[in-house]
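Asks: Fold the stuff below for me.
(4 chains)
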Number of protein chains: 4
Amino acid sequence: MLFKKVKSEGLAHFSYIVGDQTEAAVIDPRRDIDIYLEIAKKEGMKIKYIFETHRNEDYIIGSRALAKRSNAEIFHADGELDYQYGQLVEADKDYQIGRLKIEALHTPGHTKGSHSYLLKDYDQNPWMLFSGDILFAGDVGRIDFYGEDNIPKIAALLYDSLYNKILPLGEEVILCPAHGAGSVCGSQIADRELTTIGIEKRSNPYLQFQSKDDFINEVGKTEAKPKYFETMEAANLNPASAKNAPFIPALSPKEFEKEMKKEDTVVIDIRSDSDYAASHIPDSVFLWEDILSGFVGWFLENNKRILLVNNGDYPEKAVSYLFRMGFENLVGYLARGMLSWHMAAKSTESTAIINVAQLCNLLDTRAEAEYLLLDIRKEEEKEEEGYIDGALEIPLTVLQANLVKYAEEIDRGGEIYIFCGSGMRSMTAASLLENKVENKVKVVLGGLNAWSSTSCPIKIEE
Amino acid sequence: MLFKKVKSEGLAHFSYIVGDQTEAAVIDPRRDIDIYLEIAKKEGMKIKYIFETHRNEDYIIGSRALAKRSNAEIFHADGELDYQYGQLVEADKDYQIGRLKIEALHTPGHTKGSHSYLLKDYDQNPWMLFSGDILFAGDVGRIDFYGEDNIPKIAALLYDSLYNKILPLGEEVILCPAHGAGSVCGSQIADRELTTIGIEKRSNPYLQFQSKDDFINEVGKTEAKPKYFETMEAANLNPASAKNAPFIPALSPKEFEKEMKKEDTVVIDIRSDSDYAASHIPDSVFLWEDILSGFVGWFLENNKRILLVNNGDYPEKAVSYLFRMGFENLVGYLARGMLSWHMAAKSTESTAIINVAQLCNLLDTRAEAEYLLLDIRKEEEKEEEGYIDGALEIPLTVLQANLVKYAEEIDRGGEIYIFCGSGMRSMTAASLLENKVENKVKVVLGGLNAWSSTSCPIKIEE
Amino acid sequence: MLFKKVKSEGLAHFSYIVGDQTEAAVIDPRRDIDIYLEIAKKEGMKIKYIFETHRNEDYIIGSRALAKRSNAEIFHADGELDYQYGQLVEADKDYQIGRLKIEALHTPGHTKGSHSYLLKDYDQNPWMLFSGDILFAGDVGRIDFYGEDNIPKIAALLYDSLYNKILPLGEEVILCPAHGAGSVCGSQIADRELTTIGIEKRSNPYLQFQSKDDFINEVGKTEAKPKYFETMEAANLNPASAKNAPFIPALSPKEFEKEMKKEDTVVIDIRSDSDYAASHIPDSVFLWEDILSGFVGWFLENNKRILLVNNGDYPEKAVSYLFRMGFENLVGYLARGMLSWHMAAKSTESTAIINVAQLCNLLDTRAEAEYLLLDIRKEEEKEEEGYIDGALEIPLTVLQANLVKYAEEIDRGGEIYIFCGSGMRSMTAASLLENKVENKVKVVLGGLNAWSSTSCPIKIEE
Amino acid sequence: MLFKKVKSEGLAHFSYIVGDQTEAAVIDPRRDIDIYLEIAKKEGMKIKYIFETHRNEDYIIGSRALAKRSNAEIFHADGELDYQYGQLVEADKDYQIGRLKIEALHTPGHTKGSHSYLLKDYDQNPWMLFSGDILFAGDVGRIDFYGEDNIPKIAALLYDSLYNKILPLGEEVILCPAHGAGSVCGSQIADRELTTIGIEKRSNPYLQFQSKDDFINEVGKTEAKPKYFETMEAANLNPASAKNAPFIPALSPKEFEKEMKKEDTVVIDIRSDSDYAASHIPDSVFLWEDILSGFVGWFLENNKRILLVNNGDYPEKAVSYLFRMGFENLVGYLARGMLSWHMAAKSTESTAIINVAQLCNLLDTRAEAEYLLLDIRKEEEKEEEGYIDGALEIPLTVLQANLVKYAEEIDRGGEIYIFCGSGMRSMTAASLLENKVENKVKVVLGGLNAWSSTSCPIKIEE
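Replies: Coordinates of the predicted model:
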């Protein structure tokens, strides 16, 4: 019997391949689909079915590309959408995989068409549930895709799916969601490598409600959405049938500079925060490789020409992250990294940094009017990890959109100290602000984590 | 959070590595330990603890080798044994791994000292149980290591461990046993890639008993043990501290022949059954690579000099299988396989095969006294898959030991038709008999599976 | 500086990637082009140029597929052909790769348009010559593509290219030909992993001639051509722009049998000779994986539906070999190999084998009229390795075509003993004859190599 | 036939494995020997011989470790040394590898015992020469190991080996030296991936001499030697028999800090120059991974406890580089890199950087007495690439040793601007100076390469 979870880092997306004897099925394949073929080869199987749990917003689905290569049948999950491929899955029907069966369960709530897939064992007992974006470890799917007005209605659907369809399957059933901790699809997803319905029943805050009304009141909230969600939604009605991740060339400083100057081009620097701080290409955006997937979709349109700066190795990870999210216009990367840029005496800029000891000291001695503390973390982080009194709070994802709104605070003169949890996102914020504000921006290295390790004053909400 | 199951095929052994933040623990490491180091490297962790669930009989434990490389602390599980390394684990104590805890539970029943290890989540709730050889998917550990007289006593310990310690942990807890389907440690282990205590409670036949007495009566049975179990038991009190799997040279036919003639040497042919049937080196033992681990320990002493015959590729899998079981005296393999042997005009033999259509036909037309049907399958297989009337039944693992006992039947003249499930084990039986019986031996290709696919008469026990 | 030889086994094809600083060029890319991209990634380079030495007959060129992925410029080599891609290379012009230069030399003789490419070092000195199919280690390219009448004319071109263009480059120049030993493009190519113009001048029999006329007289000969050469020639004017090697599914015996029965389907058994001998699917053609590339093009049209039988692992090597040669209609392979076929009691056949001791014995005692010795080796092998007196000689590649011509000999009754060098090709011959001749066919295991190892009578031509 | 060059980056060391049929030989194996075993496995060969060209000074030879695993015979090359393993190779004798022969040629000149190994083809003709440290592409071995007085004598030996033994082998012979560009064993080694005796005869400056005396006068020079050469020399008389590269644990900031404080511990920061500049652990030495092998042996004793700082990935490359050079006391690396250090609010320092535009500007406007330009490049670089007037010249490798000598210049007050070719070595110099000089140290980003790209004044020696 075959069971493999395929983790796509960056997006924190989980897809699955299950099989028995010579037949396998893939649930929610990602765009770079070779990994499923490799697993099928190793196991000596064909890929018979591809099941989608819902129409995705955060990445390009690989169903069509995989079907093209494997001849598998595709089943999508939403009868109301105008899909240009595959067929609608049939709820409550069993699909055979060797001696196993997979049953599609209609579990609306994240989207109206969402389905979960229940794998049954040789004796027809429930074994695993592929829950898509309905139920995660420690979290549930967002319910605001149909507008604020519809939230109570959608929340009610979600309640029914969770409490009346999924929980009754049994505590012993293994739960296989479509995302793990770090996804843009659920900000509170727990770092639980394996979970069961019983564990979620015990630990997931959204499965502790006594009444449907309480659930609906609590779960309803609107979150901001990255720009690229709409592009993905459209793309996933008619995804590319088969395409490899692009190969991008190494560019000499001269070639790189030439490409930089073309219209609609953005330079993304995926090195570390201190590397960027010391010296970077003017106007480049800092997006450390590990946070690239989480943030690039907020700032960038899919059609932008992208140039990458790293340490000079081929940026395999960044290319696949961007490819999965539909960013394909990748022009090249700087050969040998900034070393070659420096050796060519091309122009650079630096970003000021400050450590918490220095900052803490400085706050003691300086009048509040002379500086601005800018906290770019999410609301949840402040609740959990505390905050520094007096800071202006604008989450990184909406920073650009709010510059006008907070113009007065930001532009009043004095230095701006930006902090997040670690310093990484602050460096992104600094790279976005650098050419837009007049004040001197400084990134707080180590962020609130560092701050908490010292005796500097911190507040925790109660 | 890190969780990885390391499957060692052949032995169907599962070891595990779990970790959090920068700390990891390994449960029951196998002998070729590089895989744990590679995982730790990839995750950016140190290996802090090594936990053994019990003293193993079927493979060389890698604890000491892993500790030597990683500086981890070793905890073994049996206070009554004279271990030359590590320290005794402390039951009911929590061992910290990052923010997680592992608690050792004394769960005797397979061996007296057996422990299971309970992983607890960030909130101290039970999450996963590493159950060693106490509880498998669909099976429980064997209880006959202390002699037939002690079986009821040991069975009672096992009952208490299962019903009073493990089941109460909760249906939602994920179960991680030390073996999967195909192990010599449990003949009925189910092919369940992932399971939970709840799933076992529902489906494991040994967890369905209403009374302890019923359990004891039913679970008690003595199985034959492979020769090498005793060697492993001794070796595991003082396992080699660090050693790589041997590199074995390719030997030309001339060199191979020279090595063959040395004392205490055995030639093992790991090709397919039909390859062996057509042409093999005289006196070589047939043990198809995929069944090597399951059977070599029954026929061979650990100190034998071993020569391998395959298709000419480096026999990586066979070498690692043998290394894990303590067979280290690997002299070499035949360069370019039998092709070079044939080209050198070295002597060969063949083994006769017969297909089921021919056999079925033949049984119809020939008197019973003129032939012998030899069924070398295990008792359980006969119960499940049926049998052919009139066959002499001697399981392969005890075939050699029983040749004298059944001398009359075997040597009465006429052809001997050997069958198993598929033909593979029959070919091993034929290779063992070939020089010991006078009658012509023929292997039934496809075995009982093929037989069942035809209209030839078959019986199923009820 | 980057230099890598990419060996494509099976075809014994060599392609090359060379580079300097951030620029690389590929010479004669094969169809599965990921390997060049991987090298460029590792080295931090772009692929700037693709150079073809000539229009190939034995495999699908990967130029267009590689250009699609890398944006490289393609230069092909024959102004007279109607290419649908790329541009004609300019002879005697330097193409820049970093600080290195590549000069195209017009070296007709294999084809009229053939070019060699001379890599020059930082000081403009000749360094390496990429000689395509003009000059190999120990051999030269075939000259019979323009019909028998044109051979003297083409031979004269070849002479000039070799003696007047290539040899004068200098003995120290490293020679990089497009094929190594085992290629269908040169039967006498030497097993020299690295060579130089000086080494060839010393050792290559075709570079030892004192006069052009002697060269022309000696080099001129017509060899038979595999069926698929014409298909390749047409395909290479307009090769597919980008395509991955097919993924083929594992088929259960039932599915396999169903596919077998469809029209235009051929079953190719790529296991070992003895595996095939013991038991194979009726009507399957034996083509051991290692000789697949050398012979499949002789027997099979490119549009046939192909089913593969091996040991059950994914037939990666065979699939890539077939893909490179333009065979794409790969339907599937037998899941778990013949084991599953036997277990399903599907029908099988066997092929008789005989070892040389038995054969030698038998020839002594039996009248010549009672049997036929069939030698299927090439002429050159007989010259070098000797032959058995009285054997009928028909090379394997033309066996099918000559069955009518030799009908009398072949069908006169008695057994037919087929031999080659090792037994492998004989098994192919047997699989081709099996249903076409009435006599009993037996394959001589070990072939003439085995025969020579015994005291059986052998003749060597002088 | 097998030929593979194994490149060990960092040391720019080349070892070779050659083989034929089932036999292979390895020339100058490196310490991490698995790579030779893997090649032998893939080729289906045994390793029969290990040949050493001379006693090495720059890395631990892997002969004994490889012999332990493979049962190969070891031949070393110097009858005057007290080797504790292997046997002395016999000059002018042929050693058989399949159908090939390897002849040992006594070629003294780098060391007195140096041998080259000549591979002969199937016809006994010279094919390849494994020349050890006698002859490189573009360079010859250093001759100062026996003291300054002996240089003329050793140079004469070298002359004879080159001009009377190696050149006469023939221009067509392929040359396989033990080092490539970037080695500490030859500062002018050319970046020629493949070369021949003929190419060297044409292009190597040391093969252009008309008289022996001229050669001796020109070639004789003494270079400084890294500290660790003596340790290697001693170690290579009795190298460890078999050992894997160490596995080193990830350390949390707290653990790392604890280890740092222990005696004889050094923290090596292998990140990029700008990463280090922005923020590093106080007292850490900067040695970018790519220059680690070239410089660590100058600064560090082999017995030091080493802690590594990188970006948080396992420092595989650095660990293997250090292991090859005999540095084994590797304590650990900082988990998650400086990010975790910052988050833990541990203390950091930064190093000032300056770009060439700023520097050029500044030199114009400031009096010479106010600053110091420190050029840490090698003499050869100044000759080839030019220099800035007025700079104090102290090569990096002898910087520490010369601090007292140049105390006056260095400590006279004002800023110190350090430059090399690119900025990387300057950062190392800065990290070494930082706690030893009072003046403010600034690293010139891009170094002389950047300087040359601008219009700042530069001088080239003529």
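Asks: quick one: A:S293 and chain D, what's the gap?
Replies: With distances taken as Cβ to the nearest Cβ, to the nearest Å, A:S293 is found 17 Å from chain D. (Glycine included, C-beta is placed from N, CA and C.)
Asks: Just the element for that residue, please.
Replies: Element membership for A:S293 (DSSP states H and E) is helix A:289-299.
Asks: Give the other helices and strands that that helix contacts.
Replies: helix A:316-324, helix A:424-433 (3 or more Cβ pairs under 8 Å, 6 or more residues apart in numbering or on different chains; DSSP states H and E).
Asks: how near is the residue nearest to A:P226 when sequence neighbours are not counted to A:G326?
Replies: Excluding its sequence neighbours, the residue lying closest to A:P226 (Cβ to Cβ, 6 or more residues apart in numbering or on different chains) is A:G297, at 3.7 Å. Going from A:G297 to A:G326 by Cβ to Cβ, to the nearest Å gives 9 Å.
Asks: Can you pick out the residue with more neighbours from these two?
Replies: A:G297 (27 against 21; other Cβ atoms under 10 Å in any protein chain shown).
Asks: hang on, the earlier thing: identify the contacts common to A:G297 and A:G326.
Replies: Shared contacts of A:G297 and A:G326 (Cβ atoms under 8 Å, 6 or more residues apart in numbering or on different chains): A:Y228.
Asks: check contacts around the residue of chain A most remote from its centre.
Replies: Centroid-distance maximum for chain A: A:T365 at 40.2 Å, with Cα atoms, centre = their mean. Applying Cβ under 8 Å, 6+ apart, we find A:T365 in contact with no residue.
Asks: Can you tell me how far it is from chain B?
Replies: 36 Å.
Asks: separation between that residue and chain D?
Replies: 19 Å.
Asks: For that residue, give me the pLDDT.
Replies: pLDDT, A:T365: 85.
Asks: residue contacts, the residue nearest to A:P226?
Replies: A:G297 touches A:D58, A:V184, A:P226, A:K227, A:Y228, A:F229, A:M325, counting by Cβ under 8 Å, 6+ apart.
Asks: Also A:Y276?
Replies: A:D269, A:S284, A:F286, A:T351, A:M427, A:S431.
Asks: Could you list which of these also contact chain D?
Replies: Checking the contacts of A:Y276 against chain D by Cβ under 8 Å from any Cβ of the partner chain, not one of them is in range.
Asks: ok, the residues you listed vs D:D411, which is closest?
Replies: A:T351 (32.7 Å; Cβ to Cβ).
Asks: I'd like to know which residues of chain A are adjacent to chain C.
Replies: A:21-22, A:37, A:40-42, A:44-47, A:69-71, A:244, A:246-247, A:249-252, A:255, A:312-314, A:316, A:332, A:335-336.
Asks: Point out the ones among the residues you listed that are inside helices.
Replies: A:L37, A:A40, A:K41, A:K42, A:R69, A:S70, A:E255, A:E316 (DSSP state H).
Asks: Dump these into a markdown table; add pLDDT, neighbour count and distance to chain D as well.
Replies: Supplementary listing: these in a markdown table, determined by pLDDT from 0 to 100; neighbours: other Cβ atoms under 10 Å in any protein chain shown; distance: Cβ to the nearest Cβ, whole Å:
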| residue | pLDDT | neighbour count | distance to chain D |
| --- | --- | --- | --- |
| A:L37 | 98 | 17 | 24 |
| A:A40 | 98 | 26 | 25 |
| A:K41 | 98 | 18 | 20 |
| A:K42 | 97 | 12 | 20 |
| A:R69 | 95 | 19 | 29 |
| A:S70 | 96 | 23 | 30 |
| A:E255 | 97 | 17 | 15 |
| A:E316 | 97 | 11 | 13 |
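Asks: count of neighbours near A:G386?
Replies: 15.
Asks: doesn't A:K459 make contact with it?
Replies: Yes. The pair A:G386 / A:K459 is scored as a contact, 5.7 Å apart, by Cβ atoms under 8 Å.
Asks: show me what contacts A:L359?
Replies: A:Y417, A:V444, A:W451, A:C456.
Asks: go with 6 Å
Replies: A:Y417, A:V444 (Cβ atoms under 6 Å, 6 or more residues apart in numbering or on different chains).
Asks: Just the pLDDT for it.
Replies: 91.
Asks: And A:K227, by the same measure?
Replies: pLDDT, A:K227: 86.
Asks: Measure how buried it is and give me the count.
Replies: Neighbours of A:K227 (other Cβ under 10 Å): 14.
Asks: where's it relative to B:I410, distance?
Replies: Taking Cβ to Cβ, one finds A:K227 at 79 Å from B:I410.
Asks: ditto for A:P126
Replies: 50 Å.
Asks: With A:N329 instead?
Replies: 76 Å.
Asks: Compare the two and say which is more crowded by neighbours.
Replies: B:I410 (22 against 16).
Asks: who's in contact with the more buried one?
Replies: Contacts of B:I410 by Cβ under 6 Å, 6+ apart are B:V437.
Asks: Name the spans of chain A whose pLDDT lies under the cut-off.
Replies: A:241-242, A:438, A:460-462 (pLDDT under 70).
Asks: Show me what from it comes close to chain D.
Replies: A:272, A:274-275, A:277-279, A:339, A:342-345, A:356, A:422-423, A:445-446, A:449-450, A:453-454 (Cβ under 6 Å from any Cβ of the partner chain).
Asks: Apply the buried test to the residues of chain A next to chain C and list what passes.
Replies: Buried members of the residues of chain A next to chain C, scored by 16 or more other Cβ atoms under 10 Å in any protein chain shown, are A:21-22, A:37, A:40-41, A:44-47, A:69-70, A:244, A:246-247, A:249-252, A:255, A:312, A:314, A:332, A:335-336.
Asks: what's the helix or strand for the closest residue to A:Y95 other than its chain neighbours?
Replies: Among residues not flanking A:Y95 along the chain, A:I102 sits closest, at 4.6 Å (Cβ to Cβ, 6+ apart). Secondary structure from DSSP H and E places A:I102 in strand A:100-106.
Asks: Quick one: residues in contact with the following helix or strand past that strand.
Replies: Using DSSP H and E, the helix or strand that follows strand A:100-106 in sequence is strand A:115-120. For strand A:115-120, contacts defined as Cβ under 6 Å, 6+ apart pick out A:51, A:53, A:77, A:89, A:101-107, A:126-131.
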